[in-house]
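Engineer: Make a model of this:
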Amino acid sequence: MMSAMPLTPVPACAGGVLVASANSALRQQVVERLNGRFRPVQQALGGADALAKLEKGDWQVLFLDRRLPDLDAEEVIVIIERRFPGIQVVLLDSDQSRPAGDEDQSVAGPGESALVPSDRPPCAPSEEPLPGMIGTSQAMQRVYRMVRLIARRSITVLITGATGTGKELVARALHELSPRSAKPLVVVNCAAIPEALVESELFGYTRGAFTGAVQSQLGRIPAAHGGTVFLDEVSELPLSMQAKLLRFLEQKEIQRLGTPEATRVDVRVLAASNVDLAGRAARGEFRQDLFYRLAAFPIELPPLAERRSDIVPLAEHFLACMAAAMEMPKPTLGEEAVRLLEGYSWRGNVRELQHVMERAFILGEGRDTVEAEHLCFSHPHQLVV
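Structural biologist: Below is the predicted model:
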C-alpha cells in the first residue's frame, strides 16, 4: 500500500526499511530522519536493485523515488503489491527535500492508527498485445505494460510461468521492441544440452580444445553479440555452469575452451523458468547469487485459467491460422464449444489450447462451424463448468 513519508516519531519496528533512489542526498536524508526507529535500513540505487533486495530480507517499508533511473515507479509498485503484499510503499520526490504527499501524515507499525494508506496508482491505458501474442485480459495487460516498460533497457529479465504460457513469445517481444532488434536473438534450451557440452555450447571452443574439436566454434553467447540471448529452462543448468554464467553476467567476458584469452561480449540476457527458481535457490539447488542476478526484473506469466476472457480469441486465432495454411475458410465456434472451452481447466495452458484447436479443425472436416463434438481434451474430467 502507499502513504506519505513518516516525518513524526514512530515506534521501532521489527521489519526493515529500504530506501530506493538514485539521489544519494535524498537517501541519506531519509536514513537520518528515520533515526534508528527501523532495523535494518538499507539503500537501493534504483527499481531493479530494490526488487532484488526485497527478495532477500524481512522488510516493512520501502521509500521509493518517483523518478527512478531504470524502472517506472508505478510498475515497481504493481510488482510489490503482487509479490510482497505486506510491504508499505512510501513515494518520494527526488527534486524536493520532503516526500510526496502531506507532511503531517506518518507511517506506524502494524495495527497502529497512524498508518494512512491511499489508493493504488491510476490504471494505465489499455495496452496492445505484444508481437505474436493474443489476449486483452487484465492479467495480460500487466504483462504487456511490463514488457514495454523494460524492453528498451538492457537489464536482465527472468520470465516465469507454467509450461505453455508463452515465455518464449515474451522473450521474442522483448528483443523485437529493443534497440537490439536488428542483431541476433539466440535461443538456448538449457535442458536440451548434455551437461558435458554446456560450457562449449554457450562459450565456444577452439580447434583441438578437446577430443573431437576438429574446428573452432563460436558459441551461442558470442554468436548473439550486440543482440539478445534467451536462456530457456535456465533452472536446468548444472551448478558448475551456473558459476561461470554468473561470472559472465558480472564481467561481460567469456573464455572459450582451449584459450586463456577473455573476449568481451555485448549481449542482453533473458532467462525463463517453469519452476519456482527462488525456492530452488533457497534449497541450495540453484545458486542464489545467480538467481538474484537473473531476476533483476521478473515477469510472471499467468496461467490460461486466470485469463479466461482470452480463451475464445486464442481459439479463433488458431483456427484462422490453420484455415489460412490449408487455404480454406475459417470456421466459427459453436455455442456449446465456446462453453466447453471457457470452462476447461487448461493445465497445459495456451499450448494445450492450440493442440485442442488443431485436432478440432481436422475433425471438423471442412465444416463451417467447430462444434463441441470436435473438441478432444487431454483431461476431460477437469472441466470446471
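Engineer: Can you pull out the residues in contact with the host helix or strand of residue 42?
Structural biologist: Element membership of residue 42 [criterion: DSSP states H and E] is strand 41-44. Residues outside strand 41-44 that contact it (C-beta atoms under 8 Å, 6 or more residues apart in numbering): 16-21, 27, 31, 34, 50, 52-53, 57. To be clear about C-beta, it is placed using only N, CA and C from the backbone, and glycine gets the same treatment.
Engineer: Looking at those residues, which one is closest to residue 234?
Structural biologist: Minimum distance to residue 234 across those is 16.5 Å, recorded for residue 52 (C-beta to C-beta).
Engineer: Kindly report the domain assignment for this structure.
Structural biologist: As given by automatic domain parsing, the domain ranges for the chain are 2-92, 138-300, 304-382.
Engineer: Let me have those in CSV, extended by distance to residue 127 and mean pLDDT.
Structural biologist: Below are these laid out as CSV (distance: least, C-beta to C-beta, whole Å; pLDDT from 0 to 100):
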stretch, distance to residue 127, mean pLDDT
domain 2-92, 12, 79
domain 138-300, 4, 90
domain 304-382, 13, 93
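Engineer: Same list (the ones you listed) but as TSV, adding distance to residue 130 and mean neighbour count.
Structural biologist: As requested, these are arranged in TSV below (distance: least, C-beta to C-beta, whole Å; neighbours: other C-beta atoms under 10 Å):
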stretch	distance to residue 130	mean neighbour count
domain 2-92	16	18
domain 138-300	4	18
domain 304-382	13	16
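Engineer: residue boundaries of the strands in the chain?
Structural biologist: Here the chain has its strands, by DSSP state E, at 2-3, 16-20, 41-44, 59-65, 88-92, 157-160, 185-189, 228-232, 253-254, 263-264, 268-273, 297-300, 332-333, 369-370.
Engineer: could you redo the domains of the chain as a markdown table and give each row distance to residue 132?
Structural biologist: Shown next, in a markdown table, are these (distance: least, C-beta to C-beta, whole Å):
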| stretch | distance to residue 132 |
| --- | --- |
| domain 2-92 | 22 |
| domain 138-300 | 5 |
| domain 304-382 | 11 |
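Engineer: Surely residue 254 touches residue 248?
Structural biologist: Yes: judged on C-beta atoms under 8 Å, residue 254 makes contact with residue 248 at a distance of 5.8 Å.
Engineer: between the two, what contacts are shared?
Structural biologist: Common neighbours of residue 254 and residue 248 (criterion: C-beta under 8 Å, 6+ apart): 203, 221, 265.
Engineer: closest to residue 154 among these?
Structural biologist: residue 265 (12.9 Å).
Engineer: quick one, what contacts the closest one?
Structural biologist: For residue 265, the contact set (C-beta under 8 Å, 6+ apart) comprises 221, 222, 224, 225, 248, 252, 253, 254.
Engineer: For the stretch 251-385 of the chain, just list every one of the helices.
Structural biologist: 277-282, 288-294, 311-325, 335-343, 349-364 (DSSP state H, counting those that start in this stretch).
Engineer: Pipe these into TSV and attach distance to residue 170 per row.
Structural biologist: Formatted as TSV, the helices of the stretch 251-385 of the chain follow (distance: least, C-beta to C-beta, whole Å):
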stretch	distance to residue 170
helix 277-282	16
helix 288-294	15
helix 311-325	15
helix 335-343	23
helix 349-364	12
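Engineer: now for the ones you listed, which one comes closest to residue 237?
Structural biologist: Of all the helices of the stretch 251-385 of the chain, helix 288-294 comes closest under C-beta to C-beta, at 8.5 Å.
Engineer: That closest one - contacts with which helices or strands?
Structural biologist: For helix 288-294, the packing partners by 3 or more C-beta pairs under 8 Å, 6 or more residues apart in numbering; DSSP states H and E come out as helix 239-251, helix 277-282.
Engineer: Need the CA coordinates for the first one. CSV is fine.
Structural biologist: Same thing as helix 239-251. The C-alpha trace of helix 239-251 is given here as CSV (Å, rounded to 0.1, in the frame of the first residue of the first chain):
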residue,chain,number,x,y,z
LEU,A,239,25.8,-25.9,-10.7
SER,A,240,29.3,-25.8,-12.2
MET,A,241,28.0,-23.9,-15.2
GLN,A,242,25.9,-21.5,-13.0
ALA,A,243,29.1,-20.1,-11.5
LYS,A,244,30.5,-19.5,-15.0
LEU,A,245,27.3,-17.8,-16.2
LEU,A,246,27.3,-15.6,-13.1
ARG,A,247,30.9,-14.6,-13.8
PHE,A,248,29.9,-13.7,-17.4
LEU,A,249,26.9,-11.6,-16.2
GLU,A,250,29.2,-9.7,-13.9
GLN,A,251,32.2,-9.2,-16.2
